[in-house]
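> Structure, please.
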Amino acid sequence: MSNLIDTLNTGRQCHAQGDVPKAELLYREVLWADPFNAEAAFLVAVACKDQGKVMEALAHLHKALGIRPRYVEALNARALIKVAKGEVTEALDDLKQALHFKPDYAEAHHNLGVTLAREKRLDEAIAALRQALRFKPDYADACLNLARALEEQGKMDEAIAAYQKALPLRPQDAATHNALGLLLAKRGDTDEAAPAFQQAIKLDPNHAGYRNNLGVALSELGRPGESLEHFEAAVRLNPDHAEAHKSRALTWLHLGDYERGWGEYEWRLKCNDSKPRSFRQPVWGGASLEGKRILLYTEQGIGDTFQFIRYAPLLADRGALVAVECAASLVAILRTCPKIAHVVAHGGPLPEFECQAPLMSLPRLFETTLANVPANIPYLSAEPLLVERWRRELGTVKTFKVGIVWQGNPGNGSDWRRSIPLTSVAPLARIPGVQLYSLQKGKGTEQLADVIGEMPIIDLGGRLDFGSFMVTAAAMCNLDLIVSCDTSCVHLAGALGRPVWAALSYASEWRWLQTREDSPWYPTMRIFRQAKLGDWDGLFERMAEALHQKVAVHMPQAIFADGKDEQKEDTK
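Coordinates of the predicted model:
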């Protein structure tokens, strides 16, 4: 018997040193000598699995469990093979049986959690992974998989805590530092995310993805020059890294280098989040369009569509018959864009066309520079009957009417730096002669309840359209000023040619350039930027000063009305 034990131990040593075939022979030697040796059968199975001989591994696990039905390690190993084969129900049964026999078996709890997470049974998965850590607190894999499950469930704070617990267990694991950085960035803690990416690069300096992630973080911190260095490095390390090319393009555009930026921006179509269309008709490359029919299709957000639909009339000026395919909610408003022959909703029947182009490629095709941005506004308009309806209602109000939008799309990854707490807008409400009107729809309107009695705001949002922007556009046409965060409404106001003030983060998006207070895209726009990241209160204090001056010029009687009333009361 001692000889068999020695042989098994020698096999384990060979296995640990990487000589798996020799280990398998030694394990089989023991099993041949002792056919009822469950441990030898289990070790043969492990060796077979490590060499890709899955069916042999499974057969020997069955043998081991036939000899020792409560062999929890064999149950655990068989479960992993079954998961790989897609036999999830049977795998879960094996893991639960192993835990029945050994409730403190951390590895089985972990594998149960991972399997449940794959099945999107996240509550159960998280509970199992927590159990694994209860019995084995230094279980790095359990920490990491718990973090991933919590992240998928949207529990970012708990996920970050799990990653932070895993880091001391795997301090040299660049992927863990990177994963923590991505989650911190997603939560908006970019200043904490950047050091995590820097550590990942320190551990793996040739990883293009880590370089790109750090570059994005630096961009969001308002450091485009530094970010560009990392995008350049990422492209050098991996010339086919589409995300790095796209990031570099956006940085060039942010810095006003349109000559290089638009061409590089074509890499967006190769990124993972891109959904390029496939047509039998060729992409328009700038050739003559005289007598040709061209289809333009939207590919990104609503704001992008409002900004770049301005190129459609330019195609018509070149002799093209222009059709546009867009989201159903935009059909009505885009039909007001001059010289567009057809506007159809996504999924609807398309008109005949000879060539096509994604909307965001048109700046490149028109060789757009800062000097020749097409800014002939307005290029969108509201339905006259709707405009008149709002005029009858709002025109009787003898105040300076300011429409406000403070909340963008919560699903946007950059929403944390775009959207504004409504309470920060308070300085505008304190200006004599100013009446605020909420143009906010959906998410964000719940904040109105928090400022009742403190900020006099007339809520128009409930009367605005949710399936179209036409009613919103008509309301804007009857307001003296629109103040908006970086969302679709700021683009709509600019495209309508309405006076609009954009309230932007310190690290604003590429389209607003770096330091300008005006926009070459929207001549009626004035830009207000945070002095430091997150400082909305300071921005609106400055905006209030500017608004006070504007109202004093346009409605001087309103500015002094309150003071006169006070004087009359004092006289009395």
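
> so after whichever strand or helix holds residue 261, what's the next helix or strand?
According to DSSP states H and E, residue 261 maps onto helix 258-264. Counting by DSSP H and E, the next helix or strand C-terminal to helix 258-264 is strand 293-297.

> got a list of contacts for that next one?
With C-beta atoms under 8 Å, 6 or more residues apart in numbering as the test, strand 293-297 has contacts from 277, 279, 281, 284, 311-312, 315, 320-326, 350-359, 362. (Each C-beta comes from the backbone N, C-alpha and C, glycine too.)

> circling back: quick one: mean pLDDT over the helix holding residue 261.
The pLDDT scores in helix 258-264 average 97.

> Distance from it to the middle of the chain?
A distance of 23 Å separates the centroid of the chain from that of helix 258-264, by C-alpha atoms, centre = their mean, to the nearest Å.

> so what secondary structure elements neighbour that helix?
When contacts are defined as 3 or more C-beta pairs under 8 Å, 6 or more residues apart in numbering; DSSP states H and E, helix 258-264 sits against helix 242-254, helix 362-365.

> picking up where we left off before, quick check on the contacts of strand 293-297: which are buried?
Burial by neighbour count, 16 or more other C-beta atoms under 10 Å: within the contacts of strand 293-297 this picks out 284, 311-312, 315, 320-326, 353, 355-359, 362.

> I'd like to know how far residue 496 sits from residue 504.
When C-beta to C-beta, to the nearest Å is applied, the distance between residue 496 and residue 504 equals 19 Å.

> do the same with residue 71
63 Å.

> Could you do residue 377 as well?
20 Å.

> Can I get the strand or helix carrying residue 200 in PDB, CA atoms only?
Taking DSSP H and E as the definition, residue 200 sits inside helix 190-203. What follows is helix 190-203, C-alpha atoms only, in PDB (Å, rounded to 0.1, in the frame of the first residue of the first chain):
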ATOM      1  CA  THR A 190     -12.700  59.200 -12.700                       C
ATOM      2  CA  ASP A 191     -10.100  60.700 -10.500                       C
ATOM      3  CA  GLU A 192      -9.900  57.300  -8.700                       C
ATOM      4  CA  ALA A 193     -10.100  55.300 -11.900                       C
ATOM      5  CA  ALA A 194      -7.100  56.900 -13.500                       C
ATOM      6  CA  PRO A 195      -4.600  55.500 -10.800                       C
ATOM      7  CA  ALA A 196      -6.100  52.100 -11.200                       C
ATOM      8  CA  PHE A 197      -5.500  52.200 -15.000                       C
ATOM      9  CA  GLN A 198      -2.000  53.500 -14.300                       C
ATOM     10  CA  GLN A 199      -1.200  50.500 -12.100                       C
ATOM     11  CA  ALA A 200      -2.600  48.100 -14.700                       C
ATOM     12  CA  ILE A 201      -0.200  49.700 -17.300                       C
ATOM     13  CA  LYS A 202       2.700  49.500 -14.800                       C
ATOM     14  CA  LEU A 203       2.100  45.800 -14.500                       C
END
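
> What helices and strands are in contact with that helix?
helix 174-187, helix 208-220.

> Show me what the last one is packed up against.
Applying 3+ C-beta pairs under 8 Å, 6+ apart, we find helix 208-220 packed against helix 174-187, helix 190-203, helix 224-237, helix 242-254.

> Report the inter-axis angle for it versus helix 224-237.
Calculated by axes from the mean of the first three to the mean of the last three C-alpha atoms, to 10 degrees, helix 208-220 forms an angle of 170 degrees with helix 224-237.

> Show me the contact partners of helix 208-220.
For helix 208-220, contacts defined as C-beta under 8 Å, 6+ apart pick out 174, 178, 181-182, 185, 190, 193-194, 197-198, 200-201, 204, 224, 226-231, 233-235, 237-238, 241, 243-244, 247, 250-251, 254, 414, 417, 507.

> Buried by neighbour count, from the residues you listed: which ones?
174, 178, 181-182, 185, 190, 193-194, 197-198, 200-201, 204, 224, 226-228, 230-231, 233-235, 237-238, 241, 243-244, 247, 250-251, 254, 414, 417, 507.

> how's this protein carved up into domains?
As assigned by automatic domain parsing, the chain contains the domains 2-190, 191-274, 293-365, 384-561.

> Let's have those domains in a markdown table, adding distance to residue 371.
Listed next are the domains of the chain as a markdown table, based on distance: least, C-beta to C-beta, whole Å:
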| stretch | distance to residue 371 |
| --- | --- |
| domain 2-190 | 33 |
| domain 191-274 | 9 |
| domain 293-365 | 13 |
| domain 384-561 | 9 |
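
> now for the longest helix belonging to the chain, which elements pack on it?
As assigned by DSSP state H, the longest helix anywhere in the chain is helix 536-554. Applying 3+ C-beta pairs under 8 Å, 6+ apart, we find helix 536-554 packed against strand 400-405, helix 426-429, strand 481-484, strand 500-504, strand 525-529, helix 556-559.

> May I have the phi/psi pair for residue 324?
Here is the backbone geometry of residue 324 (degrees, to the nearest 10): phi -130, psi 130.

> Contact partners for it?
Each residue near residue 324 by C-beta under 8 Å, 6+ apart is listed here: 295-298, 309, 312, 334, 337, 340, 342-344, 359.

> Equivalent analysis for residue 335, please.
Contacts of residue 335 (C-beta under 8 Å, 6+ apart): residue 343.

> Look up phi and psi at it.
According to degrees, to the nearest 10, residue 335 has phi -70, psi -20.

> And the pLDDT at it?
pLDDT at residue 335 comes out at 97.

> And for residue 188?
pLDDT, residue 188: 84.

> same question, residue 80
94.

> Relative to residue 92, how far out is it?
From residue 80 to residue 92 the distance is 12 Å (C-beta to C-beta).

> now what about the longest helix of the chain, what contacts it?
Contacts for helix 536-554 (C-beta under 8 Å, 6+ apart): 400, 402, 420-421, 424-428, 430-434, 480-481, 483, 501, 503, 526, 528-532, 558-559.
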